[in-house]
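Visitor: Okay, here's the prediction I keep looking at, along with the sequence it came from:
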2 protein chains.
Amino acid sequence: MTTICGQGADEFMRMLEEFHGYRAPGVLIGGFMVDLALERRSGGGFFEVLCETRVCLPDAVQLLTPCTFGNGWLKLADVGRYALALFDKKSGAGIRVHVDTKKLAPYPGIREWFFKAKPKIEQDTDRLVREILDAGKSILTATSVQVAPEFLGPRKKGATSPCPSCGEGYPVENGDRCLACQGKKLYV
Amino acid sequence: MTTICGQGADEFMRMLEEFHGYRAPGVLIGGFMVDLALERRSGGGFFEVLCETRVCLPDAVQLLTPCTFGNGWLKLADVGRYALALFDKKSGAGIRVHVDTKKLAPYPGIREWFFKAKPKIEQDTDRLVREILDAGKSILTATSVQVAPEFLGPRKKGATSPCPSCGEGYPVENGDRCLACQGKKLYV
């Protein structure tokens, strides 16, 4: 039986539909990526995850590890590659896993989806999901990495004060007013 | 009984411990914020959420709405204010909810926590959680907003090609090589 982080693929797909809203191929592949990273890591210390894309993959990490966007253990560096690194929180040593396009030849449906060769509407999702489950970790490559210092260390939590302009609490390190009052346009 | 989006506060705290890792005061307040935004919105169309901080609050949104970071329906504009806007996906009309510091006077523990007046280690977490449950939505203010155009519309999904330098798939709109190969340092 195909498993993803110790649970059946069906169970993982149920979780991802509930959390992500639909059976996204990218989150399913992401499940195998997290599985491979956890399998290859050494040591049992606390880890964090650096995700190289904001699309889909963060949800696999949030579902399968303790790292979430809100708790700060999931870091993002959106360079648009379908890759993640699971690394030791203290040392920064970790395992990077990416979708290896050189390994996609036996899976034309995955290749087509990955390179967006067909409009979504023409995609055969059932076939794509079957290919992803068949492929499992065989389309991935894992390498040892050392995460850059910028992604290490606890999240900064500086002082908070009421913004003299809008009155709401804001991080004083952002300046004499909050960034919204400095001109970042959120609402019109 | 105190409820958060229709479920008991105890049940929500169990969910947040499981997802977020611990009973974070910020996510608990975030639960009441999502509840208030859902209560005040009009119309029943699809909505998205704009979150004004990356700390804690995104996890309340991800737990209580269909909007996640990975599916793109949770948008982030990290201006550091503890606020979110739940808005109609098409029109951008929505309800913004923020923690209203003018309403914190009856809750010294929340005030202390919000302005980080005491080191975390000296905080009385049980008392803080009790105050948050007592306060519920009374410390929040909701206003009608129109979200800026920048946060509307579907996530761009342009063409993906193998990067001529690292060979991994990347969004061609990023340039002739992927951003990592252009110099963004993720690993050392």
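Guide: Cool, got the structure.
Visitor: C-alpha only now, for contacts and for neighbours.
Guide: Fine.
Visitor: State the mean pLDDT of stretch A:82-91.
Guide: Across stretch A:82-91, pLDDT averages out at 96.
Visitor: ditto for stretch A:160-177
Guide: 95.
Visitor: One more: stretch A:121-134?
Guide: Averaging pLDDT along stretch A:121-134 yields 92.
Visitor: who's in contact with that stretch?
Guide: For stretch A:121-134, the external contacting residues (C-alpha atoms under 8 Å, 6 or more residues apart in numbering or on different chains) are A:2, A:9, A:25, A:28-29, A:107, A:109-110, A:113.
Visitor: Give the residue farthest from the middle of chain A.
Guide: The C-alpha centroid of chain A is most remote from A:P164, which lies 36.9 Å away (C-alpha atoms, centre = their mean).
Visitor: List the contacts of that one.
Guide: By C-alpha under 8 Å, 6+ apart, the residues touching A:P164 are A:176-177.
Visitor: likewise A:E112?
Guide: Residues near A:E112 by C-alpha under 8 Å, 6+ apart: A:K118.
Visitor: what kind of secondary structure is it in?
Guide: Under DSSP: H, G, I helix; E, B strand; the rest coil, A:E112 falls in the helix class.
Visitor: which residues touch A:T141?
Guide: A:97-100.
Visitor: What is the most widely separated pair among the residues you listed?
Guide: Farthest apart among the contacts of A:T141 by C-alpha to C-alpha are A:V97 and A:D100. That separation is 8.8 Å.
Visitor: If you rank the contacts of A:T141 by neighbours, which is first?
Guide: A:V97 (27 neighbours; other C-alpha atoms under 10 Å in any protein chain shown).
Visitor: Tell me which residue is most central in chain A.
Guide: For chain A, the residue nearest the mean C-alpha position is A:P58 (2.6 Å; C-alpha atoms, centre = their mean).
Visitor: if you skip the residues just before and after it, what's nearest to A:F12?
Guide: A:I4 (7.0 Å; C-alpha to C-alpha, 6 or more residues apart in numbering or on different chains).
Visitor: next one: A:S144
Guide: Using C-alpha to C-alpha, 6+ apart and skipping the chain neighbours, the partner closest in space to A:S144 is A:I95 (4.7 Å).
Visitor: what about chain A, any weak spots by pLDDT?
Guide: Applying pLDDT under 70 to chain A flags no residue at all.
Visitor: Please repeat the previous calculation with a cut-off of 90.
Guide: A:1, A:42-45, A:116-125, A:153-158 (pLDDT under 90).
Visitor: That one - how does it break down into domains?
Guide: Domain segmentation of chain A under automatic domain parsing yields A:3-151, A:156-188.
Visitor: Spell out the residue ranges of the helices in chain A.
Guide: A:9-20, A:25-40, A:57-64, A:108-114, A:125-135 (DSSP state H).
Visitor: Which strands or helices does the first one pack on?
Guide: Packing partners of helix A:9-20 (3 or more C-alpha pairs under 8 Å, 6 or more residues apart in numbering or on different chains; DSSP states H and E): helix A:25-40, helix A:57-64.
Visitor: For those helices, could you give me TSV that also reports distance to chain B?
Guide: Below are those laid out as TSV (distance: least, C-alpha to the nearest C-alpha, whole Å):
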stretch	distance to chain B
helix A:25-40	8
helix A:57-64	5
